[in-house]
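# can't give you the sequence, but here's the structure:
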């Protein structure tokens, strides 16, 4: 039973997530190069993780942190992104967003912000349980 995914993650979502893992942006590649090696506070991150009806760019289960990297395609989707963020936060996750240009110009600051968000969880009581995607 431990290998079963939640009902809200459909086979279609799973297939789409796999496709996104194969075709990710340069900004996502830059961040992933650091996250995948646990360079950020030694925590494990997942890439293109299905959570409920959504697929998030990066997810740290230990910190309940979702990182979204928005490109030009998100410029006209502000309402959709806001609704998505509200849903994810309503499920108990924390969401931070960066735009591609931030990642390209200020990668160190982006990674520092991610570290700070992860440390904010570590400074808490550590007892908080985050929902499994």
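Nice, I can see it. What you see is a predicted model; the values in this text were computed from it and never measured.
# report pLDDT for residue 14.
What the model reports as pLDDT for residue 14 is 54.
# would you map the helices across the protein?
With DSSP state H, the ranges of helices along the chain come out as 11-22, 26-35, 78-90, 100-105, 107-123.
# what mean pLDDT does the third one have?
Right, helix 78-90. For helix 78-90, mean pLDDT rounds to 91.
# please apply the same query to the fourth one.
Averaging pLDDT along helix 100-105 gives 94.
# that one packs against which elements?
Judged by 3 or more Cβ pairs under 8 Å, 6 or more residues apart in numbering; DSSP states H and E, helix 100-105 is in contact with helix 26-35, strand 65-70, helix 107-123. Glycine gets a C-beta too; all of them are placed from N, C-alpha and C.
# what's the most buried one of the helices of the chain?
Of the helices of the chain, the one with the most neighbours on average (mean count of other Cβ atoms under 10 Å) is helix 26-35, at a mean of 18.
# ok and it relative to strand 65-70, angle-wise?
Angle of helix 26-35 versus strand 65-70, following axes from the mean of the first three to the mean of the last three Cα atoms, to 10 degrees, is 150 degrees.
# let's have the helices and strands packed on helix 100-105 in TSV, adding distance to residue 97.
Shown next, in TSV, are those (distance: least, Cβ to Cβ, whole Å):
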stretch	distance to residue 97
helix 26-35	12
strand 65-70	5
helix 107-123	10
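# out of those, which gets nearest to residue 51?
Nearest of those to residue 51, taken as Cβ to Cβ: strand 65-70 at 7.3 Å.
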